[in-house]
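1. what follows is a protein structure lacking sequence information:
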DNA sequence: GGAGTATTTGATAATGATTATCAATAGCAC
DNA sequence: GTGCTATTGATAATCATTATCAAATACTCC
């Protein structure tokens, strides 16, 4: 099913209303292949649609999360970021603590191990978040030179 | 080496000063086997030592992190939490999204896999954070009853 | 031990992100 | 179209973290 359809279905099933603002925010969000803050998304939305307010963007991106099309990520820089899941596999993040660059990583083995762990504790897994912090090759090189 | 010694050594090595406030905050923090916010830690500290301000607690807990004796955790509830590493192995978290309860989990296999992944991307690993969200056995049971 | 200097402290203000408020607007069911 | 209620947008409130700055204090050198 199409992402927009899925969202509209969710909105309907919750007894909420279909509005132009929600559609527009979703469109811009799906077209953005980045991990945006609400602030950034608001800026992007306003480039195309002047009148849409910050609060509406914030509320809508939360809704999109609830619909399952988006997830929050937190790189520890003080602002929540959002990434949509449309056309994306689940993945984790490898984040450079020096320059902020990151890689999206995925390992089936890792996923499997996690599920085993969760089962061991009798939990029912909903989601997870694995962030690995380190130095990217470039920054690692720079750091090595500095200490020389 | 003792945790307090390690901290004092760190403070000295950074050219910082050894103060009564830092020692007191560290003591209270090490005696707390919980994941505290700065607010909570400040409250705990004030029970024993009236005059210590919020800013000092916030600054000190950051210092403790830098010294390697503490790490930030973020359960997504809007406030950063801190847990000390004294007498604790590294571990990840399994967090119940219903009741907020959590387990500390650890798996050497998982750690090993991560290191392999990081190496694949030529990164130098500094730390990582794995949070798995789900339902604890109790909440899973309650939810199952609701749907019946 | 005492003076000089730079760090630290504590109260408070500033900042920044998120959430709440509320009158005006606009979907939706009839 | 009408009536009801959710939604919107501007703004204020909230909350955690960070910055500010004068006063207090730790450390160095004598």
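-> Here it is on my side, so go on. Just so we're clear, the structure is a prediction, and the values are computed from it rather than from any experiment.
2. so who does residue A:113 touch?
-> Counting by CB atoms under 8 Å, 6 or more residues apart in numbering or on different chains, residue A:113 makes contact with B:107, B:109-110, B:113. (C-beta placed from N, C-alpha, C; glycine too.)
3. which bits of chain A sit near chain B?
-> Selection of chain A residues close to chain B by CB under 8 Å from any CB of the partner chain yields A:72, A:74, A:76, A:94, A:96-97, A:103, A:105, A:107, A:109-110, A:113-114, A:117-118, A:121-137, A:140.
4. can you give me the buried ones in the worst-scoring helix or strand of chain A on mean pLDDT?
-> The weakest-scoring helix or strand in chain A, judged by mean pLDDT, DSSP states H and E, is helix A:137-147 (a mean of 79). By 16 or more other CB atoms under 10 Å in any protein chain shown, the buried positions in helix A:137-147 come out as residue A:139.
5. can you check stretch A:92-108 too?
-> Counting neighbours by 16+ other CB under 10 Å, stretch A:92-108 gives A:92-96, A:102-103, A:105, A:107 as buried.
6. same thing with stretch A:25-32?
-> Neighbour-count burial for stretch A:25-32 [16+ other CB under 10 Å]: A:25-26, A:28-30, A:32.
7. let me see the ranges of the helices in chain A.
-> A:3-13, A:20-30, A:38-48, A:54-66, A:108-120, A:137-147 (DSSP state H).
8. and those as CSV, adding distance to residue B:10?
-> Below are those laid out as CSV (distance: least, CB to CB, whole Å):
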stretch, distance to residue B:10
helix A:3-13, 49
helix A:20-30, 44
helix A:38-48, 36
helix A:54-66, 40
helix A:108-120, 33
helix A:137-147, 19
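9. can I get those in a markdown table including distance to DNA strand C?
-> Below are those laid out as a markdown table (distance: least, CB to the nearest atom of the strand, whole Å):
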| stretch | distance to DNA strand C |
| --- | --- |
| helix A:3-13 | 8 |
| helix A:20-30 | 5 |
| helix A:38-48 | 4 |
| helix A:54-66 | 4 |
| helix A:108-120 | 26 |
| helix A:137-147 | 22 |
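10. lowest average pLDDT across those helices?
-> Lowest mean pLDDT of the helices of chain A: helix A:137-147, a mean of 79.
11. does residue A:52 touch residue A:45 like I think?
-> Yes - in this structure residue A:52 lies within contact range of residue A:45 using CB atoms under 8 Å: 5.3 Å.
12. residues that sit against both of these two, list them.
-> Common neighbours of residue A:52 and residue A:45 (CB under 8 Å, 6+ apart) are A:24-25.
13. mind checking which of those two has more residues around it?
-> More neighbours surround residue A:45 than the other of residue A:52 and residue A:45, with 24 against 19 (other CB atoms under 10 Å in any protein chain shown).
14. any idea how far that one lies from residue A:66?
-> 19 Å (CB to CB, to the nearest Å).
15. over to residue A:140?
-> Residue A:140 sits at a distance of 39 Å from residue A:66 (criterion: CB to CB).
16. before we move on, what about residue A:53?
-> Distance from residue A:53 to residue A:66, by CB to CB: 20 Å.
17. next: residue A:79.
-> In terms of CB to CB, residue A:79 sits 20 Å off from residue A:66.
18. next: residue A:111.
-> For residue A:111, the distance to residue A:66 - CB to CB - is 23 Å.
19. the two: which is more packed in?
-> residue A:111 (14 against 11).
20. check contacts around the more buried one.
-> residue A:90.
21. can you do 7 Å?
-> Residue A:111 makes no contacts at all, as judged by CB atoms under 7 Å, 6 or more residues apart in numbering or on different chains.
22. care to break chain A down by domain?
-> A:1-87, A:89-148 (automatic domain parsing).
23. how about those domains, which one is nearest DNA strand D?
-> domain A:1-87 (2.7 Å; CB to the nearest atom of the strand).
24. hmm, residue A:86 and residue A:70 touching each other?
-> No - assessed by CB atoms under 7 Å, residue A:70 is found out of contact with residue A:86, at 8.7 Å.
25. enumerate the residues of chain A near DNA strand D.
-> Contacts of chain A with DNA strand D, taken as CB under 7 Å from any atom of the strand, map to A:11, A:15-17, A:19, A:21-22, A:51-56, A:59-60, A:78.
26. most widely separated two among those?
-> A:15 and A:78 (34.7 Å; CB to CB).
27. ok, back up a step: compare residue A:70 and residue A:86 and say which is more crowded by neighbours.
-> residue A:70 (22 against 17).
28. what sits against residue A:118?
-> With CB under 7 Å, 6+ apart, residue A:118 has these contacts: A:125, B:94, B:132, B:134.
29. can you add pLDDT and distance to DNA strand C and give these back as TSV?
-> Shown next, in TSV, are the contacts of residue A:118 (pLDDT from 0 to 100; distance: CB to the nearest atom of the strand, whole Å):
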residue	pLDDT	distance to DNA strand C
A:125	91	23
B:94	92	23
B:132	91	21
B:134	88	21
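30. nice, that's everything, thank you.
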